[in-house]
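Peer 1: output the structure for:
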Amino acid sequence: MSVAASLAIELPDEAATAAFARRVAGLARKGDVIALRGPLGSGKTSFARAFIRARLGTSEDVPSPTFTLVEIYGDAPPLVWHFDLFRIERPEEVWELGIEDAFAGGISLIEWPERMGGLLPRERLDVTLAFAAAPDARTATLAPSRAWAGRIGVLGV
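Peer 2: Residues are numbered from 1 along each chain as shown. From the prediction side, this is the model:
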């Protein structure tokens, strides 16, 4: 999937994670898929919330789709589709969530993308969040596909 070398970014606190998510949001385009990886509590939902707020230009409440599995944001295309696939049991269940519509005309943020198996698009940006030494610190590792390779260089990292 990845055509460019992965890039690691140190995020010293939650504010840095949010600022990073806002920068990525500014680069996202219609049809983009951003796969958010990492263990429970690593900041996937915090990243998604900051990304969505940046795209909406507001500080509105952004609930986690843990129970609904998907939340859709925006008034105009491209809409932002936020998927949390932790509770799905089979990759085929994503079709019931309208994921093909998200891929065709939206921007997709997918937590727990490994649950999709082979249905996860090859063209995507993988963002893996990992715990770091300080309690709120994280390391974000980016693995871009060809569609993202030219864009991540402008993140200012």
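
Peer 1: quick one: contacts of stretch 95-110?
Peer 2: Contacts with stretch 95-110, where a contact means CB atoms under 8 Å, 6 or more residues apart in numbering, come from 28-36, 48, 51-52, 55, 69-70, 72, 77-83, 85, 116, 119-121. Every C-beta, even on glycine, is put in place using the N, C-alpha and C of the backbone.

Peer 1: now, these that are in strands?
Peer 2: Judged by DSSP state E, those include 33-36, 70, 72, 80-83 as members of strands.

Peer 1: would you mind checking the contacts of stretch 95-110 for buried ones?
Peer 2: Neighbour counting over the contacts of stretch 95-110 (16 or more other CB atoms under 10 Å) leaves 28, 31-36, 48, 51-52, 55, 69-70, 78-83, 85, 116, 120-121 as the buried ones.

Peer 1: figure out how far stretch 61-72 is from the centre of its chain.
Peer 2: Distance of stretch 61-72 from the chain centroid (CA atoms, centre = their mean, to the nearest Å) equals 13 Å.

Peer 1: got the end-to-end distance for it?
Peer 2: 13 Å (CA to CA, to the nearest Å).

Peer 1: one more: stretch 50-70?
Peer 2: Note: stretch 50-70 ends 16 Å apart using CA to CA.

Peer 1: buried residues in it?
Peer 2: Neighbour counts using 16+ other CB under 10 Å place 50-55, 62, 64-65, 69-70 of stretch 50-70 among the buried residues.

Peer 1: okay, the residues you listed in CSV with pLDDT and distance to A137 next?
Peer 2: Below are the buried residues of stretch 50-70 laid out as CSV (pLDDT from 0 to 100; distance: CB to CB, whole Å):
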residue, pLDDT, distance to A137
A50, 95, 16
F51, 96, 19
I52, 95, 23
R53, 94, 22
A54, 95, 21
R55, 94, 25
V62, 82, 22
S64, 77, 22
P65, 73, 26
L69, 93, 29
V70, 94, 30
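
Peer 1: from the residues you listed, which land in helices?
Peer 2: 50-55 (DSSP state H).

Peer 1: can you give me the strands for the protein?
Peer 2: Under DSSP E, the chain gives strands at 7-11, 33-37, 70-73, 80-84, 107-111, 125-131, 138-144.
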